[in-house]
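Student: Got a predicted structure plus its sequence, pasted below:
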Amino acid sequence: MQELKNAPQPDTDPVSRLMETLREQGFTTDQSEEEWESFGEIIFRRAESISFAKGETVFIFTRVPDLTPRVLRQASESVVNTWKARDAAGKALSVLQSTTVYHCLVAPGDTPHNDPLVNFVSRVGGATFLPIVIVPEINQVIYPDVEEKIGSIKPRIEYFRYLIGERREPVDMHRPTLQALWVSVGVVVLLVFAIVFSMFH
């Protein structure tokens, strides 16, 4: 778990600021602010193209009146089951992890949360799922503290840090995935070449 450090204390709450930043970054939603206020859920999406795979980055904001470890686990499982790849093409391209889903759980009150969010990070069926906890009243934003040095999770955390203003430099969260893909392709080509070469010598 990582908490947003040195957070400014502007007039708007972190949920409103993040939603505004998402709009500036090209994310769209079919829902209105009124629906968010009335029903407590809103989804922002942006299409992504990673090499030859199509995907998307998704931010789901869900208002959670009583955020407990059990509720966090159930919410995580529900999101995973909804967004993982179902068709054959999606499963075949799942190595690219072209879909990223940030589930922002908005908790009421003025009590800080310290949930171990890293336990709920997952990569399933071509999608990467990351839980975020936001407590607007005390301007608290927490996200998984991932120690991963190489892989697809850390860049996605860094991208979130960029969106919330904790990091100044933009982040290409798909670059490590593409690098790993081309390294794998190169290894396969070398193996095939070695097999063919050994057959004729």
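Tutor: Good, I have the coordinates. Numbers count the residues shown, from 1 in each chain.
Student: could you point out which element follows the worst-scoring helix or strand of the chain on mean pLDDT?
Tutor: Of all helical and strand segments in the chain, the minimum by mean pLDDT, DSSP states H and E falls on helix 88-92, at a mean of 49. Counting by DSSP states H and E, the next helix or strand C-terminal to helix 88-92 is strand 99-106.
Student: Can you pull the poorly scored residue ranges out of the chain?
Tutor: Applying pLDDT under 70 to the chain picks out residues 1-12, 50-53, 83-98, 148-151, 171-201.
Student: show me where it has strands.
Tutor: Taking DSSP state E to define them, one finds strands in the chain at 2-3, 41-50, 53-63, 99-106, 122-124, 127-135, 140-143.
Student: and the fifth one, what does it pack onto?
Tutor: Other elements packing on strand 122-124 under the criterion 3 or more Cβ pairs under 8 Å, 6 or more residues apart in numbering; DSSP states H and E are helix 69-83, strand 127-135. Quick note: C-beta positions are derived from backbone N, CA and C, even for glycine.
Student: Let me know which of the strands of the chain is the nearest to E20.
Tutor: Comparing these by their distance to E20 (Cβ to Cβ), the top pick is strand 41-50, with 10.8 Å.
Student: Other residues contacting the closest one?
Tutor: 19, 22-23, 25-31, 35-36, 54-63, 96, 98-100, 174, 177-178 (Cβ atoms under 8 Å, 6 or more residues apart in numbering).
Student: tell me the angle of that strand relative to strand 99-106?
Tutor: If you take axes from the mean of the first three to the mean of the last three Cα atoms, to 10 degrees, strand 41-50 sits at 160 degrees to strand 99-106.
Student: In CSV, please show the C-alpha coordinates belonging to strand 41-50.
Tutor: Provided in CSV are the C-alpha atoms of strand 41-50 (Å, rounded to 0.1, in the frame of the first residue of the first chain):
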residue,chain,number,x,y,z
GLU,A,41,-20.7,4.4,-9.6
ILE,A,42,-19.2,5.9,-12.8
ILE,A,43,-16.9,4.4,-15.4
PHE,A,44,-14.3,6.3,-17.5
ARG,A,45,-12.7,4.5,-20.5
ARG,A,46,-10.1,5.1,-23.1
ALA,A,47,-9.3,2.8,-26.0
GLU,A,48,-5.7,1.6,-26.3
SER,A,49,-3.7,0.1,-29.1
ILE,A,50,-0.7,-2.0,-28.1
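Student: related to what we said a few turns ago, between the strands of the chain, which one is closest to D115.
Tutor: strand 127-135 (6.1 Å).
Student: Would you give the sheet partners of that closest one, along with the direction of each?
Tutor: strand 99-106 (parallel), strand 122-124 (antiparallel), strand 140-143 (antiparallel) (DSSP bridges).
Student: can you list the ones you listed in TSV and add distance to P155 and mean neighbour count?
Tutor: Converted to TSV, these look like this (distance: least, Cβ to Cβ, whole Å; neighbours: other Cβ atoms under 10 Å):
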stretch	distance to P155	mean neighbour count
strand 99-106	10	23
strand 122-124	13	16
strand 140-143	13	22
